[in-house]
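Chemist: Sequence first, then the predicted structure, then my questions.
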Amino acid sequence: MDKVVVNIETDGMTRASEIISDLRNATESIYYPMKLVGFWDHQADMHLCPQEERRQECPHKLPASDPNHVDYATALQRERQANLEVYYPHAKLALYLS
């Protein structure tokens with residue numbers, strides 16, 4: 001999977017948005033026609049989980065040493081054909097596109 005890190009730096013009192021929908025719109029505009037297939041918000045410790053959508057237990061938050069652990073990016077590549085991760089360090093947010 002390709003990875004892009006978008007650093008937004010400001011000089012002054014203004015801040016860039018940390019709202020998922022704002023960053024999603026910006027990302028989908030930049031990488032059109034790609035669309036969001038997943039996200040991981042590290043600040044809120046939440047993500048769009050394909051397993052939870054199917055009412056299964058989430059394997060992504062398990063310790064890496066657990067045999068049932070599945071890497072989130074790998075799961076999105078397999079299940080939703082994700083091929084681009086866009087990470088915003090100021091928001092601690094990763095968006096996955098396909």
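Modeler: Sure, I can see it. Numbers count the residues shown, from 1 in each chain.

Chemist: tell me the secondary structure for the residue nearest to residue 18 when sequence neighbours are not counted?
Modeler: Distance criterion Cβ to Cβ, 6 or more residues apart in numbering; nearest residue to residue 18, sequence neighbours excluded, is residue 91 at 3.9 Å. Bear in mind the C-beta positions are built from the backbone N, C-alpha and C, glycine included. Using DSSP: H, G, I helix; E, B strand; the rest coil, the structure places residue 91 in coil.

Chemist: After the strand or helix carrying residue 21, which helix or strand is next?
Modeler: Using DSSP states H and E, residue 21 sits within helix 20-30. Next along the chain after helix 20-30, taking DSSP H and E as the criterion, comes strand 36-41.

Chemist: If you count neighbours, what's buried in the lowest-mean-pLDDT helix or strand in the chain?
Modeler: Least confident helix or strand, the chain: helix 50-53 with a mean of 89, by mean pLDDT, DSSP states H and E. By neighbour count on 16 or more other Cβ atoms under 10 Å, the buried set for helix 50-53 is residue 50.
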